[in-house]
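Student: let's see this in three dimensions:
(2 chains)
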Amino acid sequence: MLSININKTLHGSSGEMDLDINIKIKEHDFVALTGESGSGKTTLLRTLAGLDDAKGKILLGNDVWLDSKINLAVQKRQIGFVFQDYALFENMNVEENLLFINKDKDLASKLLNITELSALKKRAVTTLSGGQKQRISLCRALMNRPKLLLMDEPLSALDPKMREKLQNEILILHKEFKTTTIMVSHDPSEIYKLSNRVIVLNKGKVINDGSPKDVLLKTTGSAKFSFEGKLLEIIKADVIYIAVISIGQQIVEVAVSQEEMKNLTIGNTVNLSTKAFTPNIK
Amino acid sequence: MFDTLLSMNYEPFFLSFKLASITTFILFVLSIPLAWFLSQTSSKSKPMLEALTALPIVLPPSVIGFYILIALSQNSPIGSFFENTFGIKLVFNFTSLVIASCFYSLPFMVQPLQAGFENINKNILEASYIGGKSRFETLFKVALPNIKPAILTAIVVTFAHTVGEFGVVLMVGGSIPGETKVASVAIYEMVEIMDYSLAHRYSAIMLTMSFLVLLSVYIFNAKHKNKFAGIH
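Tutor: As a prediction, the model looks like this:
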């Protein structure tokens, strides 16, 4: 069990803000941490890692990482951390990046096998693609056999295909190494696929906490399905109006009446749902 | 042409290079911890230390020379301590040149190293700490190997700057042949006694060597940049 009860004043872009978190995370859980930028996600990860200071308590099992007297050094927390920008040691080749953390050659080759990087182990890391770099970073984070694995938007710089491949590898490694994993992510499909718990932060506070299904599914009442999108434009067409909405990677048009239109503001997030009808899915 | 070059007295040049080599070595060792500290700290002492380190850039060499002369002379506590304890005089000899050069060239070593350390992606250093590595091990195995161009620049500029110093050397060391008469001082003396042909030759040698040294640094740095700008 990882119990976190911390308080910290942040000086963000929108002025001062209190990061106030009180949560408990079960062993071997895969927690997705999400929320708008500036809500304190990265600071929470950094505080857990021991890179940032905070007031309060952090306990992993019976080990005290932070309380009023103790602030365990980052070197002694034995965690794994994956940065968005990989943060590889550019003066070392692929294998050396792993062995620098821990001289366990068997573990290194096992990790490189799982991530299909064995053939590249002598390559300079500067010559690799983003996806390859992030896999090395992931392998490196596991070289200490950490109990806690922290990932700060590990896949957001990668293209969708590479993302999916890495999601699978992350899941395999999470199970194989039995880590408690906390991952910052903005991608609902990624969160749904990987995590068993979602924590949503806003302005430094937890505003939603539950299973991915409960937190991510936007359907309410008798709606059969529902999408969240952004209203881009309203076009007048004869007596009705056409609302242009962007949902995910797609743009859709929906007819709206003049009455409905009055409540809509261009640029706002809207919820598009439908009841009684049978959709055709091909 | 070659005869005149061969018959020339190269001692001032050897002295200049000996002084520059020793100064560069001492400053390299001392500046790594200082530059590392300055690059990593957010303490209130940082601007103070940075200003002190940068002073030799703006101060007239005569001011530095004057203070060093006062500080190291037999009448000062430091000077008299060394003279009484070790029997070493600290002024008007080669030792005094090394001490003076270390002060004079300090910013030329510290500033490129500090800039190099500051340009390293902070996450790389943190990845090393998270991996359980101490600050010391991170400095030597991660930070330094990743700032090779900055190290080369620091070493070469410090070396070249020490070879090129004149005012401080003259004030602290005088012009004792084989002891403190370095190339720049020798040229000054030649001009004073109006031996222009020798002054020309010495100056041309200095100019050519300085240019070649700087050129090779820029070539190396350009190559290094291209190497890291490879496929991403």
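Student: excluding its backbone neighbours, what's nearest A:L272?
Tutor: Once flanking residues are discounted, A:L272 sits nearest to A:F227: 4.8 Å by CB to CB, 6 or more residues apart in numbering or on different chains. To be clear about C-beta, it is placed using only N, CA and C from the backbone, and glycine gets the same treatment.
Student: CA atoms only for the helix or strand where that neighbour lies - export them in PDB, please.
Tutor: Counting by DSSP states H and E, the element that carries A:F227 is strand A:225-237. The C-alpha coordinates for strand A:225-237 follow below in PDB (Å, rounded to 0.1, in the frame of the first residue of the first chain):
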ATOM      1  CA  PHE A 225     -24.000   6.600 -26.400                       C
ATOM      2  CA  SER A 226     -22.400  10.000 -25.800                       C
ATOM      3  CA  PHE A 227     -19.300  11.800 -27.000                       C
ATOM      4  CA  GLU A 228     -17.500  14.800 -25.700                       C
ATOM      5  CA  GLY A 229     -16.300  17.200 -28.300                       C
ATOM      6  CA  LYS A 230     -15.500  20.800 -29.100                       C
ATOM      7  CA  LEU A 231     -18.000  23.100 -30.900                       C
ATOM      8  CA  LEU A 232     -16.100  24.600 -33.800                       C
ATOM      9  CA  GLU A 233     -18.700  26.500 -35.800                       C
ATOM     10  CA  ILE A 234     -22.500  27.100 -36.200                       C
ATOM     11  CA  ILE A 235     -23.700  27.500 -39.800                       C
ATOM     12  CA  LYS A 236     -27.100  28.700 -40.800                       C
ATOM     13  CA  ALA A 237     -28.800  26.400 -43.300                       C
END
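Student: so where's the chain uncertain?
Tutor: Going with chain A. A:218-224, A:275-282 (pLDDT under 70).
Student: ah, no, chain B please
Tutor: For chain B (pLDDT under 70), the answer is B:1, B:226-232.
Student: does the residue nearest the centre of it sit in a helix or strand, and which one?
Tutor: For chain B, the residue nearest the mean C-alpha position is B:T158 (3.2 Å; CA atoms, centre = their mean). B:T158 is part of helix B:148-163, with elements assigned from DSSP H and E.
Student: what does B:A100 give?
Tutor: Judged by DSSP H and E, B:A100 forms part of helix B:94-119.
Student: give me the angle between that helix and helix B:148-163.
Tutor: 150 degrees (axes from the mean of the first three to the mean of the last three CA atoms, to 10 degrees).
Student: what are the boundaries of the strands in the stretch 101-250 of chain A?
Tutor: Using DSSP state E, counting those that start in this stretch, the strands of the stretch 101-250 of chain A run over A:148-152, A:180-184, A:197-202, A:205-210, A:225-237, A:240-247, A:250-256.
Student: list the helices and strands the first one packs on?
Tutor: Counting contacts by 3 or more CB pairs under 8 Å, 6 or more residues apart in numbering or on different chains; DSSP states H and E, strand A:148-152 is packed against helix A:41-49, strand A:79-82, helix A:130-142, strand A:180-184.
Student: that one: partners in the sheet, and parallel or antiparallel?
Tutor: Strand A:148-152 has the following strand partners under DSSP bridges: strand A:79-82 (parallel), strand A:180-184 (parallel).
Student: any idea how far that strand is from the middle of the chain?
Tutor: 9 Å (CA atoms, centre = their mean, to the nearest Å).
Student: which outside residues touch that strand?
Tutor: Applying CB atoms under 8 Å, 6 or more residues apart in numbering or on different chains, the external contacts of strand A:148-152 come out as A:2, A:41-42, A:45, A:48-49, A:60, A:77, A:79-84, A:141-142, A:170, A:174, A:177, A:179-184.
Student: same thing with stretch B:139-158?
Tutor: Contacts of stretch B:139-158 (CB under 8 Å, 6+ apart): A:89-91, A:100, B:20, B:23-24, B:27-28, B:31-32, B:36, B:105, B:108-113, B:115-117, B:119-120, B:124-125, B:128, B:133, B:213-214, B:217, B:220-221, B:224-225.
Student: which among those count as buried?
Tutor: With neighbours counted by 16 or more other CB atoms under 10 Å in any protein chain shown, those contain buried members at A:89-91, A:100, B:20, B:23-24, B:27-28, B:31-32, B:36, B:105, B:108-113, B:116-117, B:120, B:124-125, B:128, B:133, B:217.
Student: pick out the residue in the stretch 101-250 of chain A sitting closest to chain B.
Tutor: Nearest residue of the stretch 101-250 of chain A to chain B, counting by CB to the nearest CB: A:I101, 3.8 Å away.
Student: could I get the full set of helices for chain B?
Tutor: Ranges of helices in chain B, per DSSP state H, are B:2-7, B:11-40, B:45-58, B:61-72, B:77-86, B:94-119, B:122-130, B:135-138, B:148-163, B:167-173, B:183-192, B:196-228.
Student: do you know which of these lies nearest A:I245?
Tutor: Among those, the nearest to A:I245 by CB to CB is helix B:122-130 (37.4 Å).
Student: tell me the angle that closest one makes with helix B:11-40.
Tutor: Interaxial angle, helix B:122-130 versus helix B:11-40 (the same axes, to 10 degrees): 80 degrees.
Student: and helix B:122-130, what other elements does it pack with?
Tutor: Under the contact criterion of 3+ CB pairs under 8 Å, 6+ apart, helix B:122-130 touches strand A:79-82, helix B:135-138.
Student: ok, and what's touching it?
Tutor: The contact list for helix B:122-130, computed with CB under 8 Å, 6+ apart, reads A:49, A:51, A:74-75, A:77, A:79-81, A:83, A:85, A:87-90, A:100, A:137, A:140, B:135, B:137-138, B:141-143, B:146.
Student: from A:I172, how far off is A:G131?
Tutor: Using CB to CB, to the nearest Å, we find A:G131 at a distance of 16 Å from A:I172.
Student: looking at these two, which is more packed in?
Tutor: Per other CB atoms under 10 Å in any protein chain shown, whichever of A:G131 and A:I172 has more neighbours is A:G131, with 18 against 12.
Student: who's in contact with that one?
Tutor: A:G131 makes contact with A:158, A:162, A:165-166 under the criterion CB under 8 Å, 6+ apart.
Student: so which of those residues wins on neighbours?
Tutor: Sorting the contacts of A:G131 by how many neighbours each has (other CB under 10 Å) puts A:L166 first, at 19 neighbours.
Student: counting neighbours, what do you get for the closest residue in space to that one that isn't next to it in sequence?
Tutor: Ranked by CB to CB, 6+ apart and with sequence neighbours excluded, the top spatial neighbour of A:L166 is A:L155, at 5.6 Å. Neighbour count for A:L155, taken as other CB under 10 Å: 25.
Student: backbone phi and psi for A:L155, please?
Tutor: Main-chain dihedrals, A:L155, degrees, to the nearest 10: phi -110, psi 0.
Student: please work out which of the helices and strands packed on strand A:148-152 is packed deepest.
Tutor: Greatest average neighbour count among the helices and strands packed on strand A:148-152 goes to strand A:79-82 (a mean of 27), per mean count of other CB atoms under 10 Å in any protein chain shown.
Student: which residues touch it?
Tutor: Here strand A:79-82 makes contact (CB under 8 Å, 6+ apart) with A:45, A:48-49, A:134, A:137-138, A:141-144, A:146-152, A:154, A:179, B:126-127, B:130.
Student: mind running it again at 7 Å?
Tutor: The contact list for strand A:79-82 (CB atoms under 7 Å, 6 or more residues apart in numbering or on different chains) reads A:49, A:137-138, A:141-142, A:144, A:146, A:148-152, A:154, A:179, B:127, B:130.
Student: from A:L142, how far off is A:G50?
Tutor: Distance of A:G50 to A:L142, computed by CB to CB: 18 Å.
Student: before we move on, what about A:Q167?
Tutor: A:Q167 is 16 Å from A:L142, by CB to CB.
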